[in-house]
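>>> The following comprises the amino acid sequence and a computationally predicted model.
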Amino acid sequence: MSESSVILEIPIEILHAVFRVEKEDPLKPIMDAMKSTKKIDSISQSVHLLDALSRTSSSMSKTGEFTTLVLRDLWKGKYWTMKEKSLSLDNDITGSIHQLEPIQRLDVNKSEGEVKDLAAPFSGWLAKKSNINRKKILRHVHLESLKPESKEIFLRVKISQKEDGAGRKFWVYEEGPFKQLIVDYVDQLHGFEMDEREFTEETQEWAYSPEIQALREFREKRNEKKALEIIDSICDQIKQDQRPRLDWVKQVVGFRQDMWDAAQEVIRSANERVFILTSFSNPEFSDDVIELLAEALTDHYSDPEILLSFGEPDRKRSPEAIQNTSKYISILSQEKRLKLKGGITPRPSHTKVVISDTGRVFLCSCNLFSGSLDSGVLESGLLIKDVECAKSILEASNEEGWVPNQFVKDIDKMYSRLSKKPRSNYEVSVEKELTSIKNDIKKGSSHFAYIKLERMLRNISERPVWSLIRTLEHRPFMADCIERFDNRIVMASDGLRSNGLDKATIGRIHQRASKSGATVQIWWGRHTPYSKPYDDTDKRGRREAKSRLSELRNLANKGKRWKLIPRHYVEPMETHAKLFIIDDYRLMISSDNTLSFGDTESERGDAGELGIMIDHMRLPIQTRGSMELWLPKEAKISGDSVRWWALLGEEVSMQTDDSAHKILLIDALDSMIERIESNDYLGFAWEKEMNETNSDEITILNRLAKGCHFGMYSIAQSKKKSWLKITKFDENKPAGLKSRAVISLGDNRWKREKHGTN
């Protein structure tokens, strides 16, 4: 529709209803009898209930009979009081008129099951008249008679077309009757649908790293010929691939406090300066922020300067935000314990990143400076130690206009300091392994050779290929992810909107997932499940998300060729994470809500975004499991152990920064148990799952050891024994075996060249 305002004519019918209200609940005697019966089958219960509903209540004293007119709309068939008729717009009609086609009128001779719906609009009136609690009144109401009026009437309501900050057009209620109908259903009318365009995505490709591509191909063709082909070519492929690799990276999944822990780690690493780019401020939490920053600098040997930059991505729609953030910066700057300089970015930015002048980086989804530490909203991030990555993000920040003018010289000094750091050149060191694998194949031990080959490829990825994903690359990157996944794609975003997860994108997901019967997982929504929308925009957003999920679900159910998770759930999941995971090979974490907006400036605004993609064989599945640990049960696959493998992996990573470092398995398990016992949510989930599977100690150990098959970690008999020795514990083996067993996250197959360059 092109009109800015429209008059909807909604057909109605009027019914004469007589309700009888009884003092006693007519089902109460039956239900009491059932409660007193020790055992009664469900069929008998149904018979008793049907009998109770069909019996007259002549033996029960009556409060009285009440006659009223009931209005039923002939759009959705709902019941209303006659107040709606008085709200109809009959005078001063402006705008075009659109008359709705009526649905079938009510057959009063077949109105079984309608009593509760009929009486609901009058529950307050009936409760007052009969002196029965309003919450209980509908259990006491019977319908004596129902007669229709023959005349069909149209009521008039005014709606208008609005446009949100992203340029999307939608219809809203202005005045007249049936406000709730308009809010819930107007965008389902033909011609009044939410403005939705199909985007032609820019074609761009992010090729897998050589080791990821090799593993992917080997799993498709697991045979001797393919294994030998990889053995002969993998080293050359890695040398020819000129893309940068991260020296060290760790996934961070959790809540605001977890995000701050990672940010503090970066701040502590700084010598002279640390640059923090974030989105929003909130003075309500300034005291907490001051303490967190001061804590990070406690006993710091050099007292580095904090360069704090606010992107204020909504500044055009909320110009007062700049003033509020300026006051916020002033509050932080006056704190004597901090050496802090703050500013607003010249161009809007939604990016969240912390960078030190020693090459530490934390890129995340969390607005660190605008919320409570008690937040229960799930976030995601990557903690990185890599000078080249730090330099690249500083370069991007300068180019995108995310550095306040007063910081430019300071950022230049940071960049210069990073550039002076000696650059280590690495080479992959797998010659002995390749020879060993070849020998195993020649001896006919292909099974062990293939296991060793996969493990070698996983260990190569411990220094992962990486790439920054800048503002306008997010949509093409999503398109590439959809064209690339075979078994699973995970997509997380704050919202699901029609111009982010548009029809064309939904169609491509369906087409790709259908090829291999893949799993599609979508995590969305920072609000608590089943919470009340806080305004009309939030309500509209949730309705759009439900529509997006329904479209995907209908395609998944059609032919049952692939699986959507959540299967039935449409509620927000209390997550603010923004990420993509492809087949547990590739992970991208960002600030961008890619499923919410298209790529035009009118869609997403002009705020800048930044993400980072890594090809890794451990961190994508680790991140997936860590997220699933906290997401609602409907957002994960029942009985999947990935979340518990991830929890064990997290405990190992907390005890060592070196992925190859071996710690006692019993120590890692003790830490994991302590964490589970200290958290009611984890404790309940663990106990419930273990009870349902009747798991004893050996069963639990073997369930966790299965994570070795998926590259989450490695377990060996002892520090002196080689890997690949334990993937299953035997209850008949000595108990000492479990106490000597060790666990490690991985084994980096890269070594520094003897002569590095500066």
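That came in fine, so what should we check first?
>>> sec struct for the spatially most central residue of the chain, please.
For the chain, the residue nearest the mean C-alpha position is residue 523 (2.9 Å; Cα atoms, centre = their mean). Put simply, residue 523 is strand when judged by DSSP: H, G, I helix; E, B strand; the rest coil.
>>> next one: residue 68
strand.
>>> Kindly report the same for residue 480.
Secondary structure, three-state DSSP: residue 480 is helix.
>>> Which residues are in contact with the residue lying closest to it once chain neighbours are set aside?
Excluding the flanking residues, the one nearest residue 480 by Cβ to Cβ, 6 or more residues apart in numbering is residue 206, at 5.4 Å. Backbone N, C-alpha and C define where each C-beta goes, glycine included. Counting by Cβ atoms under 8 Å, 6 or more residues apart in numbering, residue 206 touches 467, 477, 480, 613.
>>> just to revisit the earlier point, quick one: the residue nearest to the centre of the chain and residue 492 touch, right?
Yes - Residue 523 lies in contact with residue 492 (Cβ atoms under 8 Å); the separation is 4.1 Å.
>>> who touches both of these two?
Common neighbours of residue 523 and residue 492 (Cβ under 8 Å, 6+ apart) are 575, 577, 627.
>>> Can you pull the poorly scored residue ranges out of the protein?
Low-confidence segments of the chain, defined by pLDDT under 70: 1-3, 24-63, 91-93, 111-113, 164-168, 195-202, 598-605, 721-728, 730-738, 754-758.
>>> Domain parsing of it, as residue ranges.
The chain breaks down by automatic domain parsing into domains covering 5-23+61-188, 198-246+464-616, 248-419, 639-758.
>>> looking at those, which is closest to residue 451?
With respect to residue 451, and counting by Cβ to Cβ, the nearest of the domains of the chain is domain 639-758 at 6.1 Å.
>>> How about residue 405: what's its closest non-neighbour residue?
Using Cβ to Cβ, 6+ apart and skipping the chain neighbours, the partner closest in space to residue 405 is residue 346 (6.7 Å).
>>> residue contacts, the one you found?
401, 402, 403, 404, 405.
>>> Can you get me a residue count around the fourth one?
Yep, that's residue 404 we're talking about. Residue 404 has 21 neighbouring residues, counting by other Cβ atoms under 10 Å.
>>> Make 7 the starting number, not 1.
Will do, 7 is the new start, and the previous item becomes residue 410.
>>> Provide a list of residues in contact with it.
315, 348, 349, 350, 351, 352.
>>> Which two among those are spaced furthest apart?
Most distant of the contacts of residue 410, by Cβ to Cβ, are 348 and 352, 14.3 Å apart.
>>> just curious, which of the shared contacts of residue 529 and residue 498 is nearest to residue 279?
For the shared contacts of residue 529 and residue 498, the nearest to residue 279 is residue 583 (28.8 Å; Cβ to Cβ).
>>> what kind of secondary structure is that closest one in?
coil.
>>> What of residue 367?
Assignment for residue 367 (three-state DSSP): strand.
>>> Tell me the bridge partners for the residue nearest to it when sequence neighbours are not counted.
Excluding the flanking residues, the one nearest residue 367 by Cβ to Cβ, 6+ apart is residue 390, at 4.2 Å. Residues in a beta bridge with residue 390, per DSSP bridges, are residue 255, residue 367.
>>> got the contact list for stretch 688-705?
Contacts of stretch 688-705 (Cβ under 8 Å, 6+ apart): 635, 645, 650, 653, 681, 682, 683, 706, 709, 735, 736, 737.
>>> Tabulate those residues in CSV, adding columns for distance to residue 169, secondary structure and neighbour count.
Conversion of the contacts of stretch 688-705 to CSV gives the following (distance: Cβ to Cβ, whole Å; DSSP: H, G, I helix; E, B strand; the rest coil; neighbours: other Cβ atoms under 10 Å):
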residue, distance to residue 169, secondary structure, neighbour count
635, 40, helix, 20
645, 46, coil, 8
650, 47, helix, 24
653, 46, helix, 19
681, 48, helix, 16
682, 49, helix, 17
683, 52, helix, 12
706, 56, helix, 16
709, 53, helix, 16
735, 62, coil, 20
736, 66, coil, 10
737, 66, coil, 11
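>>> Farthest-apart pair in the residues you listed, please.
So, the contacts of stretch 688-705 by Cβ to Cβ: farthest apart are 635 and 736, at 28.6 Å.
>>> ok, so of the contacts of residue 410, who is nearest residue 465?
Of those, the one sitting nearest to residue 465 (Cβ to Cβ) turns out to be residue 315, at 37.9 Å.
>>> how about the helix or strand hosting residue 545: buried residues?
Using DSSP states H and E, residue 545 sits in helix 542-563. Within helix 542-563, the residues scored as buried using 16 or more other Cβ atoms under 10 Å are 544, 546-551, 553-555, 557-559, 561-562.
>>> got it, and stretch 247-254?
Here stretch 247-254 shows 250, 251, 252, 253, 254 as buried, counting by 16+ other Cβ under 10 Å.
>>> residues in contact with the residue nearest to the centre of the chain?
Going by Cβ under 8 Å, 6+ apart, residue 529 touches 496, 497, 498, 499, 579, 581, 583, 633, 637, 641.
>>> Now with 7 Å, please.
Contact analysis of residue 529 by Cβ atoms under 7 Å, 6 or more residues apart in numbering lists 498, 579, 581, 583, 633, 637, 641.
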